[in-house]
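**Student:** this is a predicted model, with the sequence first.
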Amino acid sequence: MTPPPLSTATPRLLWISRGVRALALIGMVGIVGYGLAFWTDADWVRKVATEQWKLTAGSVPMDGLARLRGAVGSAPGFALALWALWQLWALFGWYGRGEVFHPAAIHHLRRFGQAVIIMAPVMAITDTITVLALTLSNPPGHRILMLQIGSEHYVQLLLGLVLLAIGQVMSEAQRMAQENAEFV
């Protein structure tokens with residue numbers, strides 16, 4: 001669907017939409033840049049492995065192959081984050097044109113909600129896969145399998161469900177408005 005060329009958004013909604021789209025674009029570039037910078041810097045990976053994943057410094061090899069496996073293991077999380085930000089960027093493109101109840105805007109809102117819901121388990125699973133991938137070249141008995149589930153995963157799940165519900169409510173409101181317009 002091609003959006004209308006002129007904006008009917010209020011100045012405040014237009015300003016917010018431009019800001020969110022800029023932040024989403026910065027986020028997409030940042031995710032790609034972060035992923036490349038992180039996985040090519042053995043010291044940075046070692047620091048995260050010991051501080052965030054609570055691994056001992058000697059338990060994680062930092063050779064190129066281990067970091068490549070780690071990068072592949074973390075790729076689903078990065079890809080999901082890019083997809084979520086793309087949905088947000090598209091959603092606020094519609095909002096910036098004043099098309100808050102347009103079916104495509106509602107579609108992107110629901111997709112963003114779905115992405116946030118999916119992020120909860122994907123982030124936990126990709127951390128698990130990443131740590132295992134980093135320690136895969138260790139001898140048997142020294143490979144590490146960890147699963148961390150925290151309150152941030154609960155909040156992601158709850159926020160995603162709220163966004164999905166708001167998208168459903170907006171879809172229903174758009175449908176009712178269309179039905180009412182047909183009666184007139």
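**Tutor:** Thanks, I have it. Remember, it's a predicted structure, so these values are computed and weren't measured experimentally. Numbers count the residues shown, from 1 in each chain.

**Student:** what comes up buried for stretch 96-108?
**Tutor:** G96, R97, G98, E99, V100, H102, A105, I106, H107, H108 (16 or more other Cβ atoms under 10 Å). To be clear about C-beta, it is placed using only N, CA and C from the backbone, and glycine gets the same treatment.

**Student:** okay, and V116 sits in which element?
**Tutor:** Using DSSP states H and E, V116 sits within helix 103-135.

**Student:** what's the next secondary structure element after that helix?
**Tutor:** helix 151-183.

**Student:** state the mean pLDDT of that next one.
**Tutor:** Average pLDDT, helix 151-183: 90.

**Student:** now pLDDT too, for the buried residues of stretch 96-108, in a markdown table please.
**Tutor:** Shown next, in a markdown table, are the buried residues of stretch 96-108 (pLDDT from 0 to 100):
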| residue | pLDDT |
| --- | --- |
| G96 | 94 |
| R97 | 92 |
| G98 | 92 |
| E99 | 92 |
| V100 | 90 |
| H102 | 93 |
| A105 | 96 |
| I106 | 95 |
| H107 | 96 |
| H108 | 97 |
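
**Student:** for the helix holding V116, packing partners?
**Tutor:** The contact analysis (3 or more Cβ pairs under 8 Å, 6 or more residues apart in numbering; DSSP states H and E) places helix 103-135 against helix 42-51, helix 64-96, helix 151-183.

**Student:** among those helices, which comes closest to V20?
**Tutor:** helix 64-96 (4.4 Å; Cβ to Cβ).
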